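Student: Show me the folded form of this:
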Amino acid sequence: MYAISELDIERRADRDNPWWTDENVEVVDPRFPKRIYYRSFSALALNFEVRRAAVLLGPRRVGKTVMIRQMIAEAIGRGFPRQNILYASIDAPIYAGYPLERYLKFFKSFSNSDRYIVVFDEIQYLKDWEIHLKDLVDTYPNIKFVVTGSAAAALRLKSKESGAGRFSEFMLPPLTFYEYQEFLGIENKYVRSSGHNSYVVNDIEALNRTFVDYLNYGGYPEAVLNDHVRSNAEQYIRNDIIDKVLLKDLPSLYGINEIQELNRLFSFLAYNAGNEASLEKISQASGLAKPTIKRYIEYLESAFLIIKLQTMDENCRSLQRERNFKIYLNNPSMRAALFGPIDYTDTDRIGHLAESAVFSQFQHSPAARRLRYARWKNEGEVDLVFLTQEDERPHWIGEIKWSDRIKSDLRQQTRHLIAFARKHRSLRALLFTSKTISTKVDVDEFSISIVPTALYCYALGMKVATDLEQASNLVEPG
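Tutor: Model prediction:
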């Protein structure tokens, strides 16, 4: 039996960094377009004035490695010395247990007076990575460290504990609805801008059908760009994304032995996405103990499989003891991978997944943590409550629907919005999404913007990365 030799490790490093010796190598496949988040990420990752490691977080297969390679190509294009850029995929078996600082010896020459870029891909597979990375940031001010991670529970928790002031996190979510259309080259086919935050729908029926396709398989770049993957989206998403997180990432990070319990719980939550839940109800339905459910939900959320939304009452008070909450899918297409695609005529299921789609568009923005839903006695409920940062009071509210019943039953459909608004006169805006209707209506003294859900998701995908504060008014009905 022989230990892995340093020579073999160096050969792997040479193979992973072909730009060291080949000036004409394509660092990244040019067929992959840049995500809308790329510019802000590259500005963070290539900024040597900020002495922090850039930590790129996100689910599996959303394009983190492609974005990293696009960043490397940009640096080389700017004239950054190609020999001073190192890329290493930490999950490669040959690097198992390899100390982070030892990677620096791969540079043919190293000087404290020169600048370097070091990329560690999938860093969570190295034990205690956060301690070592913080030490590297402190020790080498001339090196910009950029790291990525998929199963981000350890990344998020440990970066806050051990990397305070040394790590800058950047969230890369699944494709937004706008990006999905952009990747297909149809971003302006059904919707066009007619001014600031104003859009005109050329064909709402076609846009809605495209939206349902997005719900089924539209969250992952490879599933959109590759015809073979797209035709086998169920197998691709389930096997390459969901199963690897449930069967590999989370068990290895947390020492989970009852993998089937975790798998069963996720399937249950995915099937009931958008419905109000409680630990008690989930325990009764799944047979799992409530402490186990609570712990697993935290794992699933931090691994970017689900979004958990907290509840409050009509007075905007969060309950001291959390009883009820909503679970949404991080990417709606995961449900189709588990239970089969939804049909355009399946209004009820589309309605629940449409809510997941709306929350999925919000994920990049740190302000997303200010999203809630309201629930109170007599079955009153508001789907979306966005709180102010200063005093956590309601800033704007919204109802997410996939129907046009509001056209014939205005007061009944908007009664919860109005009841909530009467208690919070400082509300900036009231939003109601529909299937096809786009207009503004007045109910008593309140004005409500009605916007098709697909159009709202399109607008969110374009704008929410920069300004969630304006998310209630991204579309001017007309």
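
Student: Could you point out the helix or strand that follows the worst-scoring helix or strand of the chain on mean pLDDT?
Tutor: Sorting the helices and strands of the chain by mean pLDDT, DSSP states H and E puts helix 153-162 at the bottom, at a mean of 60. Counting by DSSP states H and E, the element after helix 153-162 in chain order, helix or strand, is strand 167-171.

Student: Show me where the stretch 1-150 of the chain dips below the pLDDT cut-off.
Tutor: 1-3 (pLDDT under 70).

Student: any chance you could map the helices in it?
Tutor: Assigned by DSSP state H, counting those that start in this stretch, the helices in the stretch 1-150 of the chain fall at 6-16, 38-45, 64-77, 129-139.

Student: Roughly how far does Ser360 sit from His395?
Tutor: 21 Å (Cβ to Cβ, to the nearest Å). Where you see a C-beta, it was placed from the backbone N, CA and C, and this is true even at glycine.

Student: Between the two, which has more neighbouring residues?
Tutor: It is Ser360, of Ser360 and His395, that has more neighbours when counted by other Cβ atoms under 10 Å, with 27 against 22.

Student: which element is the more buried one on?
Tutor: helix 347-361.

Student: buried sites along that helix?
Tutor: Going by neighbour count (16 or more other Cβ atoms under 10 Å), the buried part of helix 347-361 is 349-361.

Student: do the same with stretch 5-19
Tutor: 9, 12-13, 16-17, 19.

Student: got it, and stretch 82-99?
Tutor: Quick answer for stretch 82-99 (16+ other Cβ under 10 Å): 82, 84-90, 95.

Student: And stretch 391-405, by the same measure?
Tutor: 394-403.

Student: Could you do stretch 192-212 as well?
Tutor: 199, 201, 204, 207-208, 210-212.

Student: Next step: these restricted to helices.
Tutor: 204, 207-208, 210-212 (DSSP state H).

Student: Which elements pack onto the helix holding Ser360?
Tutor: helix 204-217, strand 306-312, strand 324-329, helix 453-463 (3 or more Cβ pairs under 8 Å, 6 or more residues apart in numbering; DSSP states H and E).

Student: Hey, what's the angle from the last one to helix 204-217? Just curious.
Tutor: So that's helix 453-463. 70 degrees (axes from the mean of the first three to the mean of the last three Cα atoms, to 10 degrees).

Student: so for helix 453-463, what's the average pLDDT?
Tutor: Mean pLDDT, computed over helix 453-463, is 90.

Student: How far does it sit from its chain's centre?
Tutor: 15 Å (Cα atoms, centre = their mean, to the nearest Å).

Student: and the residue nearest the centre of the chain, backbone torsions?
Tutor: By Cα atoms, centre = their mean, the mean C-alpha position of the chain lies nearest to Pro173, the distance being 2.5 Å. The phi/psi pair for Pro173 (degrees, to the nearest 10) reads phi -80, psi 180.

Student: For it, give me the pLDDT.
Tutor: 90.
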